[in-house]
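*Asks:* structure here, sequence nowhere to be found:
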């Protein structure tokens, strides 16, 4: 976990292989899944907003499932007093043995940074995953362990998404096959060879040293039987 003070956050999740491009039009690329009219698509499909009030939050998911992909999105978190709110961006497969890659942004009092939870849940094998984003109430735990509660006089709280773009292998709903479409095959293929260079790894180590609050790979009391496989492989970059 690490605190984040920037309000506009670009995300890039990269694996490798195959191509398909989804340009940033939320009408074409996502479905609102809960929250009723609290989730809105605006500006001709270029902007999506999620809101939270005392009754409910809201969320959406991508229409497509991706086996391998680079996914970009810009997420603007709840501004000012965001105590008790959680804004999420994550990938998840379906079923009991599902996989997840999560980013959870825990709100804080005005002027104080968000805290970022990152979670990886590897329960299955390289299964197709949808992209999800949501805004919801977690004031029983999100801010200072639940000691600070959401101020509902400030509701509705609002987060927004824009510039969604996905390059990757898209699952076909017809036969569970994987096809590809691309408006720019050169750009669609470029992400397949991207990786952190030494300077990028050093910057990430600096962030970990300066801002990381908790890392389960160092929690020996939690795992007395020894480090998990991913901890042994990565050695924290």
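*Replies:* That came through fine. In this text the structure is predicted, and so the values were computed from the model without any measurement.

*Asks:* tell me the average confidence for the strand or helix carrying residue 27?
*Replies:* Here residue 27 sits within helix 26-29, counting by DSSP states H and E. Computed over helix 26-29, the mean pLDDT rounds to 95.

*Asks:* next one: stretch 118-130 to chain centre, how far?
*Replies:* 13 Å (Cα atoms, centre = their mean, to the nearest Å).

*Asks:* tell me which residues in it are buried?
*Replies:* For stretch 118-130, burial by neighbour count (16 or more other Cβ atoms under 10 Å) applies to 127, 128, 129, 130. Bear in mind the C-beta positions are built from the backbone N, C-alpha and C, glycine included.

*Asks:* what stretches of the protein score poorly on pLDDT?
*Replies:* 1-24, 173-189, 233-237 (pLDDT under 70).

*Asks:* so where's the longest strand in it?
*Replies:* Using DSSP state E to define each element, the chain has its longest strand at strand 157-171.

*Asks:* and residue 70, how far is that from residue 55?
*Replies:* 36 Å (Cβ to Cβ, to the nearest Å).

*Asks:* so the two - more neighbours on which side?
*Replies:* Taking other Cβ atoms under 10 Å, residue 70 and residue 55 do not tie; residue 70 has more neighbours (21 against 11).

*Asks:* sorry, back to before: partner strands of the longest strand of the chain and their direction?
*Replies:* Paired neighbours of strand 157-171 in the sheet (DSSP bridges): strand 21-22 (antiparallel), strand 47-52 (antiparallel), strand 66-76 (antiparallel), strand 178-179 (antiparallel).

*Asks:* partners of residue 99 in the sheet?
*Replies:* Bridge pairing for residue 99 - DSSP bridges - gives residue 122.

*Asks:* packing partners for the helix ranked longest in the chain?
*Replies:* Criterion DSSP state H: the longest helix present in the chain is helix 198-211. If you count contacts as 3 or more Cβ pairs under 8 Å, 6 or more residues apart in numbering; DSSP states H and E, helix 198-211 packs onto strand 2-4.
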